[in-house]
Structures are given as structure tokens and as C-alpha cells.
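Undergrad: Structure for this input, please:
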Amino acid sequence: MSAPRTASQRTAVDAAEPRGSASAALAAAVLGFFVITLDALVVNVALPNVRDDLGGGMTGLQWVVDGYTLMFAALLLSAGSFSDRIGARRAFGTGLTVFVAASAACGLAPNLAVLVAARLVQGAGAAMMMPSSLTLIREAYPDPVKRGRAIAWWTISGSVAAAAGPVAGGALSLASWRMIFFINLPVGVVALFLLARAACSPHREVPFDRIGQITAVVAMGGLTFGAIEAGADGFGAPKVLVALAAAALALAVFVAAQARGKHPMVPPDLFRSRSMLIASGSGFAFMAGLTGTVFVYSLYLQQERGLSSLAAGLVFLPMTALSAFLGVPTARLTERFGPRVPIVGGLFLMGVSLTVLTALPASAPAWLVAIVMIPVGICGPLAMQPTTALLLDSVPAHRAGVASGVFNTSRQVGGALAVAVFGALLVHHTQLLHGLRESLVIAAVVVFLAAAANLLLEPTPRLK
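TA: Residues are numbered from 1 along each chain as shown. Presented below is the predicted three-dimensional model:
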């Protein structure tokens with residue numbers, strides 16, 4: 001019989017061997033992040049099929065995309081606190097259950113209103129899953145080296161999902177657009193089974209900013225609703241004016257609550273950091289360009305060019321697939337030249353790509369469009385990867401979670417507003433090509449402004 005371990009030996013073993021099944025926790029987190037990312041992009045290519053089946057105009061299609069993104073962005077700010085209060089495993093399981101149930105509701109939706117409502121719930125589930133997935137990995141892998149490898153797998157799953165999203169959406173839509181939601185069910189069941197094998201997570205009392213959360217949802221929802229409905233009814237419509245006024249009022253209350261509250265969701269002093277402001281703006285610009293481009297081209301390629309859903313999805317494959325292989329080269333580029341070089345370079349290339357897309361003739365072959373789009377996708381790892389690292393380095397350790405939440409929220413808001421505004425432009429033109437070009441011009445301007453703002457960052461010394 002072996003001698004009992006001393007307290008110090010038990011501590012060493014606990015540090016080296018995480019409780020429960022670390023691999024199960026990692027696999028569940030990876031699958032969760034995969035479906036979260038997949039559902040942000042998979043639906044775009046299926047939009048024409050959705051309209052053919054359920055009816056509705058451009059406004060309805062915009063809400064199918066933005067319903068998910070809006071709730072994801074609005075609830076992400078407080079999702080970390082929710083995870084801490086009930087424990088990461090329980091929070092992830094709750095979010096995943098909500099996400100899977102909402103996916104089933106999306107697939108069974110009898111009309112567009114039910115589909116949009118289910119997408120809102122789906123976004124809420126995704127928001128609960130996002131921060132808790134990373135916390136699961138942190139708890140399962142106390143060793144920094146092993147944890148770094150685990151996070152790399154988590155990141156890769158998002159890149160694969162982003163690359164597969166448009167193609168999977170196109171391929172599944174050939175059978176039925178409902179399949180893009182039903183595919184989440186078996187993935188979710190497997191993730192829940194794996195999660196049951198993971199160790200229980202600790203929980204702690206964390207203050208919850210109710211006023212901040214409610215006003216954040218109203219502000220984002222009112223702004224998105226106003227932008228979308230303005231495309232159909234004009235900015236002078238009463239419901240548009242009411243929505244925008246409600247958004248402005250909610251934003252004012254949110255700012256006041258953050259400045260005077262005892263436990264603000266977004267501490268005001270966080271924005272005294274120039275890096276924080278520029279990083280948030282860069283994330284907004286990148287997602288506006290990426291999500292907006294996929295949205296308008298998904299409709300244009302199928303409705304104006306006559307491509308099938310699968311062919312349209314394949315047009316996006318080069319720009320999304322190549323981005324999955326640039327993580328390591330970008331890290332090396334950042335180490336050698338500092339973060340400002342890849343950030344400015346990536347955003348500048350994206351702006352140039354968007355500008356060239358506006359100049360392509362209507363007769364341009366689909367393969368040429370796919371090639372010109374490549375910088376739009378590779379801006380992700382090239383610019384956003386060092387932006388994330390720079391952001392986390394510029395804030396105190398105890399503010400890293402809040403800063404990450406604000407950064408990712410700004411990214412999702414950028415995507416949601418792009419769909420809202422660009423959809424309105426498509427409605428205002430009799431030809432989709434004219435609305436598409438105006439949309440891409442706006443996206444290019446925003447991206448170029450973000451690139452210029454990053455020139456204000458202090459250069460980082462090169463690593464020798």
C-alpha cells in the first residue's frame with residue numbers, strides 16, 4: 001500500500017492534473033464555440049431560400065441575421081458575470097440547452113416571425129456559452145502550457161466554422177434551409193454529453209448591473225430596429241423615430257448608470273485607454289466589412305447572378321479558408337515588427353479589397369469576385385489577432401474580462417448595423433448592384449478610418 005500524500009504533494013498533483021476530464025471539457029468548449037461561430041455566418045447564403053419558403057421582404061431577412069447578432073452582443077457584456085455566479089459548467093450547459101432548443105425552433109418555424117424570435121433566443125444562448133467556454137478551459141488546464149494548447153484548439157474551431165459557414169449553408173440549403181439549424185442538434189447533444197464528464201465549476205457572488213444590462217439591450221435593439229425599418233419606411237416613419245429616440249434615451253441612461261453605479265458593467269475609466277478605444281473601433285470596422293460583404297453578396301450572387309446556394313457559398317470559401325492558416329505567421333510578424341504593422345496592414349488591405357469590389361463590372365466572373373474578396377477574410381487573423389493581444393496588454397489583469405466583453409460587443413454591433421444599413425440601401429435601389437456598391441463604399445470608408453486610427457498607437461519595439 002502506498003503512503004498517503006502530504007498536503008504539498010496533493011497540491012502539486014492537483015495543479016498538474018485537473019479534476020474531472022479535461023479533454024471532455026475542452027471538447028465541449030470547442031464544439032460550443034464552433035456552433036456559435038457557424039450560426040453567425042451559415043444563414044446568410046440561405047436567405048433567398050428562406051424568403052421563397054416563408055415569404056417576407058428584405059426587412060424580415062435582415063432580422064433573421066441581426067436577431068442572433070443583436071442578442072449575442074447585448075447580453076455578452078454581462079454573460080461573464082452570469083458564468084461566475086452559477087459556475088462555468090452550469091452556465092455553459094444552460095446556454096447550450098437554450099441554443100439547441102432555439103435551433104430546433106428555427107428549423108421548425110412555420111413563418112418568418114417565429115424564425116426571428118427563435119434567432120433572438122439562439123443569440124441569448126450563444127452569449128451565455130461564449131465566456132463560459134473559455135472559463136471551462138481555464139479550469140480544466142491549470143498548467144499554462146497545456147492551457148495555451150487548449151485555447152489554440154478552441155481558436156482553430158472558430159476559424160474552421162467561419163470557413164465552413166457559407167459553404168455549409170449553401171450545401172445544406174440545396175436540401176432545405178431548415179437543415180442549417182437542425183445540424184446543431186446532434187452537435188449540441190454530443191457537447192452536453194461531454195460536459196457531463198467535466199468537473200464541476202466553482203461559483204461566487206458577483207454583482208449584476210441590471211440597469212446597465214436592460215438599457216444596453218434597449219439601446220442596441222432600438223438602434224438596429226430603427227436602421228432596419230428605415231430602409232422600408234424611411235427615417236421619417238413614426239415607428240423609426242420612436243425606436244431611435246428610445247435608443248438614444250437608453251444610451252443616456254446606460255452611460256449615467258455606468259458612471260454612478262456601484263458595480264458598473266462597463267467601468268467608464270476603461271475608455272481612458274487609447275488602445276481600448278482604437279481596438280473597439282477596429283473590431284467594429286472589421287465586422288461591419290466582413291458581415292456586410294457576406295450579406296449583400298449572398299443576396300446579389302443568387303438573385304441577380306443566378307448562382308445556386310452552393311455556388312454562392314463557394315465564392316466565400318477562399319477568403320474564409322485562407323484565414324484559418326494565418327494565425328502562426330501573424331504571430332511571428334507581430335513579434336518582429338510589433339502589432340501596429342499587421343493591424344494597419346490588414347485593415348488597409350481590407351479597405352482596398354472593398355474598394356476594388358465596388359469597381360468590378362456586373363459581368364465579372366464569380367471566380368474573380370472570390371479572389372478580390374480574399375483580403376476581406378484574411379484581415380481577421382492579420383488585424384484582429386494582434387488587436388486582441390494589444391487590448392489585453394493595455395488593461396489591468398482584473399479588467400481583462402470586461403475589456404474582452406466590450407471589444408467583442410463592439411464587433412457584433414458592427415456586424416448588426418452593417419446588415420441593417422446595407423439592407424436598407426439594397427431596398428432603396430431597383431438594382432441590387434447599385435445598393436451593393438454603395439454598401440461596400442461605406443464599409444471601405446469605415447475600414448480605412450480604422451486603419452488610420454491605428455497609426456496613433458505607440459509603436460511597439462521589435463523582439464530580437
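Undergrad: C-terminal to the helix or strand residue 162 falls within, what's the next element?
TA: According to DSSP states H and E, residue 162 maps onto helix 144-175. Remark: after helix 144-175, the chain's next helix or strand is helix 179-182, criterion DSSP H and E.
Undergrad: Now do the buried residues in the helix or strand hosting residue 372.
TA: Taking DSSP H and E as the criterion, residue 372 maps to helix 366-379. By neighbour count with 16 or more other CB atoms under 10 Å, helix 366-379 contains the buried residues 369-370, 372-379. Just so you know, the C-beta spots here come from the backbone N, C-alpha and C atoms, and that holds for glycine as well.
Undergrad: How many residues are close by residue 56?
TA: When neighbours are counted by other CB atoms under 10 Å, residue 56 registers 18.
Undergrad: which SS class is it?
TA: What DSSP: H, G, I helix; E, B strand; the rest coil gives for residue 56 is coil.
Undergrad: Not counting sequence-adjacent ones, nearest residue to it?
TA: residue 112 (4.2 Å; CB to CB, 6 or more residues apart in numbering).
Undergrad: pLDDT weak spots in the stretch 1-150 of the chain?
TA: The model of the stretch 1-150 of the chain has pLDDT under 70 over residues 1-20, 80, 84, 148.
Undergrad: Could I get the full set of helices for it?
TA: Secondary structure of the stretch 1-150 of the chain (DSSP state H, counting those that start in this stretch): helices at 7-16, 22-41, 47-54, 58-86, 88-108, 112-140, 144-175.
Undergrad: List the buried residues for the longest one?
TA: Within helix 144-175, the residues scored as buried using 16+ other CB under 10 Å are 146-147, 150-151, 154-155, 157-173.
Undergrad: so what does that helix touch, helix or strand wise?
TA: For helix 144-175, the helices and strands in contact under the criterion 3 or more CB pairs under 8 Å, 6 or more residues apart in numbering; DSSP states H and E are helix 22-41, helix 112-140, helix 179-182, helix 309-315, helix 317-323, helix 327-337.
Undergrad: then the fourth one to CSV, C-alphas only?
TA: Only the C-alpha atoms of helix 309-315 are listed here, as CSV (Å, rounded to 0.1, in the frame of the first residue of the first chain):
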residue,chain,number,x,y,z
SER,A,309,-26.8,28.5,-52.9
LEU,A,310,-23.9,26.1,-53.0
ALA,A,311,-22.1,28.1,-55.8
ALA,A,312,-22.6,31.3,-53.8
GLY,A,313,-21.2,29.7,-50.7
LEU,A,314,-18.1,28.6,-52.6
VAL,A,315,-17.4,32.2,-53.7
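Undergrad: what pLDDT, on average, does that helix get?
TA: Helix 309-315 carries an average pLDDT of 85.
Undergrad: same deal with the shortest one?
TA: The pLDDT scores in helix 179-182 average 90.
Undergrad: what's next to it, contact-wise?
TA: Residues outside helix 179-182 that contact it (CB atoms under 8 Å, 6 or more residues apart in numbering) are 39, 42-43, 46, 103-104, 106-107, 168-169, 172-173.
Undergrad: Noted, bye for now.
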